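> Would you be able to build a 3D model of this:
(2 chains)
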Amino acid sequence: MSNSTVRSAGSDVRPSRPARPGAPQVPGPRAERRRRRAREPQRQFRGVVSPQTLSTPHGKAIYWIVLVTVVALFTAVFVFPLYWMITGALKSADEFAQMPPTFFPKSIDWGVYKEAWDQLDLGLFLRNTLIYAAGAWFFTLAIDVTAAYALSKLRPVLGKLVLALMLSTLMIPPMVILLPAYLTVKDLPILGFNLLNTPWAIWLPAAANGFFIFLLKRFFDSIPRELLEAAQIDGASPVRILWSIVLPVSRPIIGVVSILAVVNVWKDFVWPLLVLPDTDKMSISVGISSLSAQMPQNVLMAALVIASIPAIVVFFIFQRSIMAGLTAGSLKG
Amino acid sequence: MTTMTVKGSRRRTTGAVRRGVRRNLTAYGFLCAALICFAFFSWYPMVREFLLSFQKTNFVGPPEWVGLDNFRTVIDDSAFAPAWINTAAFTGLALIVGYAVPFVAAIVLNELRHAKAYLRFVVYLPVMLPPAVAVLLFKWFYDPGPGLFNQILGFVHLPGLSWLDSTSTALISLVIVSTWMNLGTGTLIYLAALQSIPSELYEAAELDGAGLFKRIWHVTVPQTKLILLVMLLLQIVATMQVFIEPYLLTGGGPENATVTVAYLMYQYAFSFGNFGGGGALGLMLMIVLMVFSAIYLRVSRDDKN
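From the prediction side, this is the model:
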């Protein structure tokens, strides 16, 4: 059962059936697939190793040895560093510097976390980052959804060219236009605004994302035309069609784009480092790293733990969407 | 529809034209915010990157055209050659582990029937951490004294290393963090690709008497060849932009052992105030990366046809 999780997560990114009563029931790709699947006999998934080999005592033994090894290895490589970070921050300064180190902290002392929170002003950095992420999410959706809808369903003159120009930005690695982008934000051409140290320097560039346009447009393309034409005949305006038909159907892809938008801003380092130089405007990553040299290591570890909690919580809750987003772009590009 | 007079059809065409104009106006109304954002923050910077590298600018007077001077300046810099060598070495070393391990891990994960959700979650956990957090965490691990790595080496009675402080291990140390942070992405993408391989292929290979490794070599690899190639190119482009690791861990040192092109570019602009030199480096990096991007586009287009 769990074998199919990633696969079905991928297929989540397809229009769900319209929820509106009375809307014409057009068989979507999903319904078609369901029918096909019903006709085929349900097949047991298998990989390289045959199920027969796995059911022999010898095969079973090997399977369990491999399983235990893999679980132990993954835990050691990926979880242990995090354990070390969390417990490191629970140790007193003396215990922290002790050699050899203690595996379990002698006494659990949450005071270090409190110290980190106060000394680094983590509350401020977290609030800043939250504002940047929320705004980037809002502008990304507002700007990219409307643009992708126009390119997909309204098909204006030169629409193909606009799309090509937007997708061409995917070819340009972000690092190589870092300096000109910084100079642009510092002194916006024609308008002359200086966006440095304002949230706009994060929000607006975040919305200029060719990948999101690509994902959204590809999804909108798969919404059956009949659905929109029916609404058009009923006299619905394009805005209304977008709001009451396209958006409800597109919930899966909007979920994927939302999470990617928020996670991108949360993880980004170089851009906020350049465009938000004031200490009281810094994002959490930049804030912690710019102050990291001036504080005791155990306090720094506590700060790192606090900075990772939001990311881990988001991952816990939105695992499926995040993994769907991961495979959505790369598998069938 | 059936009884259509000439007059009626003309009215119909003017109606269609009007509708077309209205549709286009609406469409560009919807598009304008995106067009403005792309113009300011993507398209214009792309053009400006070219201008920047051929200009000298002090941000007070108008910029001055200097031809190839900026390129000459950066090429004469003693850090120029190390930056390219380190970037290439970093990319190569990151590929050795970061490319093969996720594929092997995905093949193994694909066979397991237990603990899959846990393993998938755990392997992707470092990817979710903000990179700055992961890098600063490893900075502590690399501490020659109480750092985790030397403590582990000491535990198994091996001599400790000086990690970031030695020219011979500094770059490898950066590769280790970077690989740890990014392994999960490849693993999960390969895993998804593996799950779309039809079982019949394995069954057929088995009937032909192919052993486990033969099956991997003759079924798994060819079936995932395309995604393997795509990931190879994506990874090269991503790792060649390496910045945060040298920025937070070593500052390019010791003795330029970890200076990378992107880091040198940053230094030119923000430490030396020479945006022209930074622009020149950026343009060179862009040209190199565009080659890989172009191959990538080629490959993914072939995939669709």
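> centre of the chain versus the helix or strand harbouring A:Trp266, how much separation?
Of the helices and strands defined by DSSP states H and E, A:Trp266 is found in helix A:251-267. Chain-centre distance of helix A:251-267: 4 Å, with C-alpha atoms, centre = their mean, to the nearest Å.
> likewise stretch A:171-187?
On C-alpha atoms, centre = their mean, the centre of stretch A:171-187 falls 22 Å from that of its chain.
> So what's the residue count around B:Ala294?
12 (other C-beta atoms under 10 Å in any protein chain shown). C-beta here means a position set from N, CA and C on the backbone, and glycine is covered the same way.
> on that earlier part again, quick one: buried residues of the helix holding A:Trp266?
By 16 or more other C-beta atoms under 10 Å in any protein chain shown, the buried positions in helix A:251-267 come out as A:252-267.
> Other residues contacting stretch B:84-103?
Residues from elsewhere that reach stretch B:84-103 (C-beta atoms under 8 Å, 6 or more residues apart in numbering or on different chains): B:171-172, B:174-175, B:178-179, B:182-187, B:189-190, B:224, B:228, B:231-232, B:235-236, B:239-240, B:242, B:256-262.
> same thing but at 6 Å, please
By C-beta atoms under 6 Å, 6 or more residues apart in numbering or on different chains, the residues outside stretch B:84-103 that reach it are B:175, B:178-179, B:183, B:186-187, B:190, B:236, B:239-240, B:242, B:260-261.
> Let's see if you can find the most crowded of those residues.
In terms of neighbours by other C-beta under 10 Å, the contacts of stretch B:84-103 top out with B:Thr260 at 31 neighbours.
> what's the nearest residue to residue 297 if we skip its chain neighbours?
I went with chain A, as the question did not name one. Counting by C-beta to C-beta, 6 or more residues apart in numbering or on different chains, the nearest residue to A:Gln297 once its immediate chain neighbours are dropped is B:Trp140, at 5.8 Å.
> Can you look at chain B instead?
That would be A:Met171: by C-beta to C-beta, 6+ apart, it lies 7.1 Å from B:Leu297.
> For the chain, give me the ranges with low pLDDT.
No chain specified, so I'll use chain A. Residue ranges of chain A with pLDDT under 70: A:1-45, A:328-333.
> hmm, I had chain B in mind actually
Chain B contains residues with pLDDT under 70 at B:1-12, B:303-305.
> Please, where are all the strands along it?
Applying DSSP state E to chain B gives strands spanning B:55-56, B:64-65.
> any bit of the first one sitting next to chain A?
No: shown here: strand B:55-56 not in contact with chain A (C-beta under 6 Å from any C-beta of the partner chain), separated by at least 11.1 Å.
> Give the partner strands of that strand in its sheet and their orientations.
With DSSP bridges as the test, strand B:55-56 is paired with strand B:64-65 (antiparallel).
> Please enumerate residues in contact with the strand it pairs with?
B:Gln55, B:Lys56.
> What of stretch A:261-274?
A:132-133, A:136-137, A:140, A:182, A:283, A:285-286, B:130-132, B:243-244.
> can you rerun that using 8 Å?
Contacts with stretch A:261-274, where a contact means C-beta under 8 Å, 6+ apart, come from A:129, A:132-134, A:136-137, A:140-141, A:174-175, A:178, A:181-182, A:202, A:205-206, A:209, A:212, A:282-283, A:285-286, A:289, A:310-311, A:314, A:322, B:128-132, B:243-244, B:266, B:270.
> Close to chain B: what parts of the stretch 201-333 of chain A are there?
Proximity of the stretch 201-333 of chain A to chain B is confined to A:204-205, A:207-208, A:210, A:213, A:238, A:263, A:266-267, A:269-270, A:274, A:284-286, A:288-289, A:292, A:297, A:300-301, A:304, A:307-308, A:311-312, A:314-315, A:319, A:322-323, A:326-327, A:330-333 under the rule C-beta under 8 Å from any C-beta of the partner chain.
> and B:Gln180, how far is that from B:Phe149?
For residue B:180 the amino acid is Trp, not Gln. 12 Å (C-beta to C-beta, to the nearest Å).
> So the two - more neighbours on which side?
Between B:Trp180 and B:Phe149, counting by other C-beta under 10 Å, B:Trp180 is the more crowded of the two (22 against 18).
> Near chain A, which residues of the stretch 201-305 of chain B are found?
Going by C-beta under 8 Å from any C-beta, the residues of the stretch 201-305 of chain B near chain A are B:202-203, B:206, B:212, B:215-216, B:219-220, B:227, B:230-231, B:234, B:237-238, B:240-241, B:243-244, B:248, B:262, B:265-266, B:269-270, B:275, B:278-279, B:282-283, B:285-286, B:289-290, B:293-294, B:297, B:300, B:303-304.
> are any of those buried, and which?
Buried members of those, counted by 16+ other C-beta under 10 Å: B:202, B:206, B:215-216, B:219-220, B:227, B:230-231, B:234, B:237-238, B:240-241, B:243-244, B:248, B:262, B:265-266, B:269-270, B:275, B:278-279, B:282-283, B:285-286, B:289-290, B:293, B:297, B:300.
> So which of the residues you listed sit within helices?
Counting by DSSP state H, the part of those found in helices is B:202, B:206, B:215, B:227, B:230-231, B:234, B:237-238, B:244, B:262, B:265-266, B:269-270, B:275, B:278-279, B:282-283, B:285-286, B:289-290, B:293, B:297, B:300.
> Need the three-state assignment for A:Gly192.
At A:Gly192, secondary structure determined by DSSP: H, G, I helix; E, B strand; the rest coil is coil.
> how deep is A:Asn298 tucked in, by neighbour count?
Neighbour tally, A:Asn298, other C-beta under 10 Å: 24.
> hang on, the earlier thing: put the alpha carbons of the helix holding A:Trp266 into PDB.
Only the C-alpha atoms of helix A:251-267 are listed here, as PDB (Å, rounded to 0.1, in the frame of the first residue of the first chain):
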ATOM      1  CA  ARG A 251      -6.800  23.100  -5.400                       C
ATOM      2  CA  PRO A 252      -4.100  20.400  -5.700                       C
ATOM      3  CA  ILE A 253      -1.700  22.400  -7.800                       C
ATOM      4  CA  ILE A 254      -2.400  25.600  -5.800                       C
ATOM      5  CA  GLY A 255      -1.400  23.600  -2.700                       C
ATOM      6  CA  VAL A 256       1.800  22.500  -4.400                       C
ATOM      7  CA  VAL A 257       2.700  26.000  -5.600                       C
ATOM      8  CA  SER A 258       1.800  27.600  -2.200                       C
ATOM      9  CA  ILE A 259       4.100  25.200  -0.300                       C
ATOM     10  CA  LEU A 260       6.900  25.700  -2.700                       C
ATOM     11  CA  ALA A 261       6.600  29.400  -2.600                       C
ATOM     12  CA  VAL A 262       6.600  29.500   1.200                       C
ATOM     13  CA  VAL A 263       9.500  27.000   1.500                       C
ATOM     14  CA  ASN A 264      11.600  28.800  -1.100                       C
ATOM     15  CA  VAL A 265      11.400  32.000   0.900                       C
ATOM     16  CA  TRP A 266      12.000  30.300   4.200                       C
ATOM     17  CA  LYS A 267      15.100  28.500   2.900                       C
END
